[in-house]
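*Asks:* 3D model of this:
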Amino acid sequence: MISLNRTTFLTQMGVSGACSTPSGTGNRRPMALKVVSMDSNGRAGERSGSVLVENSTVKEIAKPPSPVVEVEPKSTAGSWAQDAYVEDSAAAMDEQIMTPWSVSVASGYNLLRDPRHNKGLAFTEKERDAHYLRGLLPPTIVAQNLQVKKMLHNIRQYQVPLQKYMAMMDLQERNEKLFYKLLIDHVEELLPVVYTPTVGEACQKYGSIFRQPQGLYISLREKGRILEVLRNWPEKNIQVIVVTDGERILGLGDLGCQGMGIPVGKLSLYTALGGVRPSACLPVTIDVGTNNEELLNDEFYIGLRQKRATGQEYAELMDEFMTAVKQCYGEKLLIQFEDFANHNAFDLLAKYGPTHLVFNDDIQGTASVVLAGLISALKVVGGSLADHRFLFLGAGEAGTGIAELIALEISKQTNAPLEETRKKVWLVDSKGLIVSSRKDTLQHFKKPWAHEHKPIKKLIDAVKEIKPTVLIGTSGVGRTFTKEVVETMASINEQPIILSLSNPTSQSECTAEEAYKWSQGRAIFASGSPFDPVKFKGKMFVPGQANNAYIFPGFGLGLIMSGTIRVHDDMLLAASEALASQVSQEDFDKGLIYPPFTNIRKISAHIAASVAAKAYELGLATRLPQPKDLVKYAESCMYSPSYQNYR
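*Replies:* The predicted model follows:
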């Protein structure tokens, strides 16, 4: 059997209708083929015959008078097909010898320009002979681990974070496996480089640093042709799409088309932290214009130079996109919404939740990771969630999403009605405390949090009145947890829980140093972006990071591996509980309420198993029978960045 990348093969051979039908049926197409193979001595030869292409394998069958290829586009769209992970599965990685295919065997100069198969100086003597690499590489053979060491050394030479980001992106474009090996092995150091906070600056300057496409750009010019645009993407077995319209990038506002850095970064983490194959991931930016005048006047801006489309025009484009991706990739495709503005984020989730497998990371992912931190923190401060009072600064998609999941978890634990458990949670927006007297003027997603209370304008006054045990910042406005606010929290609570979640670092409500100093070292602190450890009164405090990267890679893997067709709130609760269970006593002793990222793949496997188990329990999983050990199954499905041996 000759291993073959089906997507590349079918695309290069010109098979029309590359997007599989949802039913998974299709007509067999005869096609002429000349197979170029290598003998044991590395000599190339041609072999005519009939082969059958099925997903990722080519099976040699008969040798009729004229060479043909019988193509059966057997759909794995949105499914967990066993052979979808044959090439990259961790279990098969060490033993399997594979052949890198394009139309013919990838070799010579082209092989060194193919990021999926390129190994750089790691090609062996035998591989250099077999694939015509003699003279194209220096004579030294370098193991992958040494390549990782060299790349890390080079990246550390850069003093500017954006330069480190660009170096990582360059590596991803020329040697995919080395990129992921480097990121996995040094995730705590490099996560801030490939994602927040550096990705924020990368998006701001994306027009200047843009080199080659890393995803699909779907603009208003493609309206009516989105299915055709999807077919331009070379990979056909897509299992997860991360999509943004760039209107609310982190805490930086409307960056339009340049928001592509977010889907690219998120999907890098899907692979590195969750083990989803890179070829199964598709970053998408929906470009409907931008209201950012600075970008519209920037000669290097790469998007549509017009004000944002709204209303029916926007809705029609999104509806065409959602219909097209489901038609192209199937029912089980996971679509993750990223950095949409509040008015669209909630509407899109509500509209497509019943019909698509959709997940909003800003609403649901943030909520799940924060709830996990709170569950962990309770092991330090004591009591149950129902014993605590929660005050939020910020009532957008992140704030209301977290608030709702907290109320759901309290309802689950106490069997109290959701309407009652919501009263444990208070929100402050730009106009002050959200109270019932404001209900007529509130956006619909804020109304459940309008409780009976007199109006309060300032955060400090709300802290004094509500007397929260937990203060959570999702405002996107930096330094709003002032010294007075933190000191008041410390006067009310022996160990105040303070979560400063806004990204990037410049938008954080307070720094780790401020939280520890102003609370006299008594605060339990976590932030959205990373902060360095803080030494205060002779004690070293290690701040936690409530990073969505803890949740969404494992959450997505759990959905994919179980063939889940819809997201349910109980899956988010299961993910939170699974993450909280991974915090050890050693972590608590350091002041952490989240486990270290060094164990993130193990953590993701446990989260995936918990999410999949809940999906099976709810009857939303379609991969049957259910694997006996979901944790081991999750680990076996994870993409491995180790090099394979080539014939």
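*Asks:* going forward, measure contacts and count neighbours with C-alpha atoms only.
*Replies:* Noted.
*Asks:* per-residue pLDDT, the residue nearest the centre of the chain?
*Replies:* Note on the chain: the residue nearest the mean C-alpha position is Lys266, at 3.4 Å, using CA atoms, centre = their mean. pLDDT, Lys266: 96.
*Asks:* Enumerate every residue touching it.
*Replies:* Contact analysis of Lys266 by CA atoms under 8 Å, 6 or more residues apart in numbering lists Tyr195, Val242.
*Asks:* Now it: which helix or strand?
*Replies:* Following DSSP states H and E, one finds Lys266 within helix 261-274.
*Asks:* Ok, Lys614 next?
*Replies:* Per DSSP H and E: Lys614 is located in helix 600-618.
*Asks:* Give me the residues contacting that helix.
*Replies:* 273-275, 550-551, 553-559, 561-562, 564, 570-572, 574-575, 578-579, 582, 621, 626, 630-632, 634-635.
*Asks:* report the angle between the axes of that helix and helix 261-274?
*Replies:* 90 degrees (axes from the mean of the first three to the mean of the last three CA atoms, to 10 degrees).
*Asks:* Would you mind listing the buried residues in helix 600-618?
*Replies:* For helix 600-618, a neighbour-count test (16 or more other CA atoms under 10 Å) marks 600-616 as buried.
*Asks:* and what of stretch 479-487?
*Replies:* Going by neighbour count (16+ other CA under 10 Å), the buried part of stretch 479-487 is Thr480, Phe481, Thr482, Lys483, Val485, Val486, Glu487.
*Asks:* all strands of the stretch 351-500 of the chain, in order?
*Replies:* 357-360, 390-393, 425-429, 432-433, 470-473, 497-500 (DSSP state E, counting those that start in this stretch).
*Asks:* who touches the longest one?
*Replies:* Right, strand 425-429. 389-395, 399, 403, 407, 433-434, 449, 451, 459, 475.
*Asks:* Show me what it pairs with in its sheet, parallel or antiparallel.
*Replies:* Applying DSSP bridges, strand 425-429 is found paired with strand 390-393 (parallel), strand 432-433 (antiparallel).
*Asks:* taking the ones you listed together, which one is wrapped up most tightly?
*Replies:* Most buried of those, by mean neighbour count (mean count of other CA atoms under 10 Å): strand 390-393, with a mean of 24.
*Asks:* Now that strand - C-alpha only, CSV.
*Replies:* Extracted in CSV, the C-alpha atoms of strand 390-393 (Å, rounded to 0.1, in the frame of the first residue of the first chain):
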residue,chain,number,x,y,z
PHE,A,390,-19.6,37.9,42.0
LEU,A,391,-19.1,41.4,40.6
PHE,A,392,-18.1,42.0,37.0
LEU,A,393,-16.7,45.1,35.4
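*Asks:* from now on call the first residue 133
*Replies:* New numbering, starting at 133: the last item is strand 522-525.
*Asks:* can you list the residues that contact the one helix or strand Asn242 maps to?
*Replies:* Taking DSSP H and E as the criterion, Asn242 maps to helix 240-244. For helix 240-244, contacts defined as CA under 8 Å, 6+ apart pick out His249, Asn250, Lys251, Gly252, His263, Tyr264, Leu265, Leu268.
*Asks:* Lys282: which of these is nearest?
*Replies:* Gly252 (12.5 Å; CA to CA).
*Asks:* Run a quick neighbour tally on the closest residue to the closest one other than its chain neighbours.
*Replies:* Take Gly252 and drop its neighbours on the chain: the residue closest to it by CA to CA, 6 or more residues apart in numbering is Leu244, 6.8 Å away. Leu244: 20 surrounding residues under other CA atoms under 10 Å.
*Asks:* Following the record's annotation, map out the domains of the chain.
*Replies:* When the chain is parsed with the TED database, its domains come out as 327-492, 496-678, 682-758.
*Asks:* In JSON lines, list the buried residues of stretch 611-619 along with pLDDT and distance to Gln304.
*Replies:* Formatted as JSON lines, the buried residues of stretch 611-619 follow (pLDDT from 0 to 100; distance: CA to CA, whole Å):
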{"residue": "Thr612", "pLDDT": "96", "distance to Gln304": "38"}
{"residue": "Phe613", "pLDDT": "97", "distance to Gln304": "39"}
{"residue": "Thr614", "pLDDT": "97", "distance to Gln304": "41"}
{"residue": "Lys615", "pLDDT": "97", "distance to Gln304": "43"}
{"residue": "Val617", "pLDDT": "98", "distance to Gln304": "44"}
{"residue": "Val618", "pLDDT": "98", "distance to Gln304": "42"}
{"residue": "Glu619", "pLDDT": "98", "distance to Gln304": "46"}
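*Asks:* which intervals of the stretch 333-482 of the chain have sub-threshold pLDDT?
*Replies:* The model of the stretch 333-482 of the chain has no residue with pLDDT under 70.
*Asks:* the helices in it, which residues?
*Replies:* 338-341, 358-362, 393-406, 425-428, 443-461, 474-484 (DSSP state H, counting those that start in this stretch).
*Asks:* Go through those and name the closest to Pro773.
*Replies:* Nearest to Pro773, of those and by CA to CA, is helix 393-406 at 8.7 Å.
*Asks:* from the chain's centre, how far out does the closest one sit?
*Replies:* 4 Å (CA atoms, centre = their mean, to the nearest Å).
*Asks:* now swap in stretch 478-487 and tell me
*Replies:* 19 Å.
*Asks:* Any buried residues in that stretch, and which?
*Replies:* Phe478, Leu480, Leu481, Gly485.
*Asks:* Contact partners for Phe668?
*Replies:* Counting by CA under 8 Å, 6+ apart, Phe668 has contacts Tyr648, Lys649, Gly653.
*Asks:* Return the subset of those lying in strands.
*Replies:* Judged by DSSP state E, strands contain none of the contacts of Phe668.
*Asks:* So among the residues you listed, which ones count as buried?
*Replies:* Neighbour counting by 16+ other CA under 10 Å classes Tyr648, Lys649, Gly653 among these as buried.
*Asks:* Quick one: mean pLDDT for the helix holding Asn242?
*Replies:* Mean predicted confidence for helix 240-244 is 93.
*Asks:* the strands in the stretch 633-779 of the chain, which residues?
*Replies:* Counting by DSSP E, counting those that start in this stretch, the strands of the stretch 633-779 of the chain are 656-659, 666-668, 671-673, 676-677, 777-778.
*Asks:* Quick one: closest of these to Arg343.
*Replies:* Judged by CA to CA, the one of the strands of the stretch 633-779 of the chain that comes nearest to Arg343 is strand 777-778, at 29.9 Å.
*Asks:* Show me the contact partners of that closest one.
*Replies:* Contacts of strand 777-778 (CA under 8 Å, 6+ apart): Gln228, Ile229, Met230, Thr231, Pro232, Glu259.
*Asks:* Distance to Phe453 and mean pLDDT added to the strands of the stretch 633-779 of the chain, as a markdown table?
*Replies:* Below are those laid out as a markdown table (distance: least, CA to CA, whole Å; pLDDT from 0 to 100):
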| stretch | distance to Phe453 | mean pLDDT |
| --- | --- | --- |
| strand 656-659 | 34 | 95 |
| strand 666-668 | 47 | 93 |
| strand 671-673 | 47 | 91 |
| strand 676-677 | 34 | 90 |
| strand 777-778 | 39 | 92 |
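*Asks:* and the helices of the stretch 333-482 of the chain as TSV, adding distance to Asp664?
*Replies:* Below are the helices of the stretch 333-482 of the chain laid out as TSV (distance: least, CA to CA, whole Å):
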stretch	distance to Asp664
helix 338-341	27
helix 358-362	42
helix 393-406	22
helix 425-428	33
helix 443-461	41
helix 474-484	31
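*Asks:* winner for burial among those?
*Replies:* When the helices of the stretch 333-482 of the chain are compared using mean count of other CA under 10 Å, helix 393-406 is most buried, at a mean of 26.
*Asks:* Dump it to CSV, keeping only the CA atoms.
*Replies:* Extracted in CSV, the C-alpha atoms of helix 393-406 (Å, rounded to 0.1, in the frame of the first residue of the first chain):
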residue,chain,number,x,y,z
GLY,A,393,-4.1,36.8,12.8
ILE,A,394,-6.7,35.6,15.4
PRO,A,395,-8.0,32.5,13.4
VAL,A,396,-4.4,31.6,12.3
GLY,A,397,-3.2,31.8,15.9
LYS,A,398,-6.2,29.9,17.4
LEU,A,399,-5.8,27.1,14.9
SER,A,400,-2.1,26.8,15.6
LEU,A,401,-3.1,26.2,19.2
TYR,A,402,-5.8,23.7,18.1
THR,A,403,-2.9,21.6,16.7
ALA,A,404,-0.2,22.3,19.2
LEU,A,405,-2.4,22.0,22.4
GLY,A,406,-5.3,19.9,21.2
